[in-house]
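Q: Output the structure for:
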Amino acid sequence: MNERGMVYPLILSLCFIILIFFSFLTEKVASERQFVFMQEEQLRQVRLIQQGVDRALIWVEDLSVYPAERRVNVSEGILKVVFTKISGDEVMFSVEAVTTRQSTKKVKVYYNVTQKSVAKWVEG
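A: Okay, here's the model as predicted:
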């Protein structure tokens, strides 16, 4: 067998192995970037929900008519808060946070008005 005839298939095989290695690395980097993007978006949602709950705790003290709804635009998105009276001293308010990238997170908070404390927090 000729030595020249062995070099070409060897080089071709080596290039194929290098191509597979770089495609694996590219896919790995892309999946890591997607994971980081999703984590950042979840942190934005949590910050928005916390801002909404903080504002709702202030607003609930001033409300006299139920059900009530408030919307507010903040730098990271839009907050929608809906207040509903459950009983004489318990108010439920739901906070919906929509980020600038249109992902949504919702939470329902049951608040005791007389004790000024959160009785229950339900996400989803």
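Q: Next secondary structure after the one helix or strand residue 108 maps to?
A: Per DSSP states H and E: residue 108 is located in strand 104-112. Next helix or strand after strand 104-112 toward the C-terminus (DSSP H and E): strand 117-123.
Q: Neighbouring strands - and their directions - for that next one?
A: Strand 117-123 has the following strand partners under DSSP bridges: strand 104-112 (antiparallel).
Q: quick one: buried residues of the strand it pairs with?
A: For strand 104-112, burial by neighbour count (16 or more other CB atoms under 10 Å) applies to 105, 106, 107, 109, 110, 111. For every residue, glycine as well, the C-beta is placed using N, CA and C.
Q: pLDDT (mean, whole number) over the strand holding residue 108?
A: Strand 104-112 carries an average pLDDT of 93.
Q: to the chain's geometric centre, what's the distance from it?
A: A distance of 15 Å separates the centroid of the chain from that of strand 104-112, by CA atoms, centre = their mean, to the nearest Å.
Q: now stretch 39-56
A: 8 Å.
Q: With only the CA atoms kept, save it in CSV.
A: The C-alpha trace of stretch 39-56 is given here as CSV (Å, rounded to 0.1, in the frame of the first residue of the first chain):
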residue,chain,number,x,y,z
GLN,A,39,-31.9,32.6,35.6
GLU,A,40,-31.7,36.4,35.0
GLU,A,41,-35.3,36.4,33.9
GLN,A,42,-36.4,34.6,37.0
LEU,A,43,-34.5,37.1,39.2
ARG,A,44,-36.3,39.9,37.4
GLN,A,45,-39.6,38.2,38.0
VAL,A,46,-38.8,37.8,41.7
ARG,A,47,-37.8,41.4,42.1
LEU,A,48,-41.0,42.6,40.3
ILE,A,49,-43.1,40.4,42.6
GLN,A,50,-41.4,41.8,45.7
GLN,A,51,-41.9,45.4,44.5
GLY,A,52,-45.6,44.6,43.8
VAL,A,53,-46.1,43.0,47.3
ASP,A,54,-44.3,46.0,48.9
ARG,A,55,-46.5,48.5,47.1
ALA,A,56,-49.7,46.4,47.8
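Q: Before I go, just wanted to say thanks for your time.
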